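# Compute the structure for the input listed below.
(one chain, ligands or ions: 1)
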Amino acid sequence: MTTAPYYSPKGGLPPQTQLLTDRAMFTESYAVIPKGTMTDIVTSYLPHWEKTRAWVLARPMSGFAETFSQYIMEVAPGGGSTRPEPDATAQGVLFIVDGGFTLRIGDETHRLKTGGYAYLPASCEWALSNDTDAPATFHWVRKTYQAVDGIDAPEPFVTHEADATKIEMPDTDGKWATTRFVEPTDMRHDMHVNIVTLEPGGVIPFAETHVMEHGLYVLEGKAVYRLNQDWVEVEAGDFMWLRAFCPQACYAGGPGPFRYLLYKDVNRHMPLGRPK
Ligand SMILES: NC(=O)N[C@H](N)C(=O)O
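Numbers count the residues shown, from 1 in each chain. I've put the predicted structure just below:
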């Protein structure tokens, strides 16, 4: 299992001598937020979070047509929150890309470090404190939970990438694999946050076109990614936001593995239009 350090933003500002070489893009079907644009001037502070700043990477853009928001949170030593989530309907996943912190869920306390993963169901009572002497950086993916009559709500859990199940995609000689934190058939869950790994030379060999949206943060490596009609070069630290039905494919040319954290909405009926 690869547990190489993941890329996390460093902040700061590029020098005045830098030419505009960034690959930032915003289209009707996708956005690319390259790592070089995650500077100090695009950070936010969030209510009831101390010594913490956030890069907001994704949010619903057209009412409720999109499903999720995603932040990179950077918590300085001594920082954190005892009132982290203001919305009782919001579930969350935390994935740590650098450092560590203490996470309290109800009466239980967990120590999380790089590669750590937490699922926090809607209405879960949790708190986070960075009691180390280094900043802690993590992704926070939030989605309104869609409860289903007759199906229990999911329980909170804490794990680590090294303890999750890595599944090779069929007929790929192990060049394309997905590390899953939740079973795809577990109907309690309506979102997955997985890790996709493509070894050098690995491809997504067709333009996947599906109703699920994606938030896609490159943890390691580089590749060319097909987004709608465009081929885009991406590397560790870049973020991609894909609307429903945005065609997507990938070629991982190496030299090392290309790995990304992937949000996906799953396992629920779609809302229906109403005849007028
Ligand atoms: N872009 C992707 O990695 N998509 C995945 N294969 C997925 O939708 O599960």
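# Tell me which residue in the stretch 51-200 of the chain sits closest to the ligand.
Nearest residue of the stretch 51-200 of the chain to the ligand: V196, at 4.7 Å (Cβ to the nearest ligand atom). C-beta coordinates here come from the backbone N, C-alpha and C atoms, glycine included.
# so that residue sits right up against Y260, yeah?
Yes. V196 is in contact with Y260 according to Cβ atoms under 8 Å; the separation is 5.4 Å.
# and these two? which has more neighbours close in?
Ranked by neighbour count (other Cβ atoms under 10 Å), V196 and Y260 place Y260 first, with 26 against 20.
# quick check, stretch 19-36 touching the ligand?
No. On the criterion Cβ under 6 Å from any ligand atom, stretch 19-36 is out of touch with the ligand, staying 11.0 Å away.
# Span of that stretch from start to end?
Stretch 19-36 stretches 12 Å from its first residue to its last (Cα to Cα, to the nearest Å).
# same thing with stretch 211-225?
Chord length of stretch 211-225, first to last residue, is 18 Å (Cα to Cα).
# Stretch 259-274 now?
One end of stretch 259-274 sits 41 Å from the other (Cα to Cα).
# For burial, what's the neighbour tally of F157?
Neighbours of F157 (other Cβ under 10 Å): 14.
# follow-up on the earlier one: state the paired neighbours of the helix or strand containing the residue of the stretch 51-200 of the chain closest to the ligand in the sheet, together with their directions.
Per DSSP states H and E: V196 is located in strand 191-198. When sheet partners are counted by DSSP bridges, strand 191-198 sits next to strand 176-180 (antiparallel), strand 258-265 (antiparallel).
# what's the following helix or strand after it?
Sequence-wise, the next helix or strand downstream of strand 191-198 (DSSP H and E) is strand 203-208.
# now for the helix or strand following that following strand, which elements pack on it?
Using DSSP H and E, the helix or strand that follows strand 203-208 in sequence is strand 214-220. The helices and strands touching strand 214-220, judged by 3 or more Cβ pairs under 8 Å, 6 or more residues apart in numbering; DSSP states H and E, are strand 50-58, strand 68-81, strand 239-242, strand 258-265.
# Adding distance to the ligand and mean pLDDT, write those out as a markdown table.
Putting those into a markdown table (distance: least, Cβ to the nearest ligand atom, whole Å; pLDDT from 0 to 100) gives the following:
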| stretch | distance to the ligand | mean pLDDT |
| --- | --- | --- |
| strand 50-58 | 15 | 98 |
| strand 68-81 | 14 | 98 |
| strand 239-242 | 7 | 98 |
| strand 258-265 | 5 | 98 |
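# Would you mind finding the most buried of those strands?
strand 239-242 (a mean of 25; mean count of other Cβ atoms under 10 Å).
# Would you mind pulling up the elements that the helix or strand following that one packs against?
Next helix or strand after strand 239-242 toward the C-terminus (DSSP H and E): strand 248-251. Judged by 3+ Cβ pairs under 8 Å, 6+ apart, strand 248-251 is in contact with strand 203-208, strand 222-227.
# Direction included, what does strand 248-251 pair up with?
Short version: by DSSP bridges, strand 248-251 pairs with strand 203-208 (antiparallel), strand 222-227 (antiparallel).
# Tell me who's in contact with M73.
W49, T52, R53, A54, T137, F138, H139, W140 (Cβ atoms under 8 Å, 6 or more residues apart in numbering).
# give me the beta-bridge partners of the fourth one?
To tie it back to what came earlier, the one meant is A54. S44, M73.
# Does it touch V42 like I think?
No. In this structure, A54 is not within contact of V42 by Cβ under 8 Å, at 10.0 Å.
# Could you pull up the contacting residues of T144?
Residues near T144 by Cβ under 8 Å, 6+ apart: T67, D87, T89, A90, Q91, A122.
# Please name the bridge partners of it.
Beta-bridge partners of T144, as defined by DSSP bridges: A90.
# next one: L120
Going by DSSP bridges, L120 is paired in beta bridges with G92.
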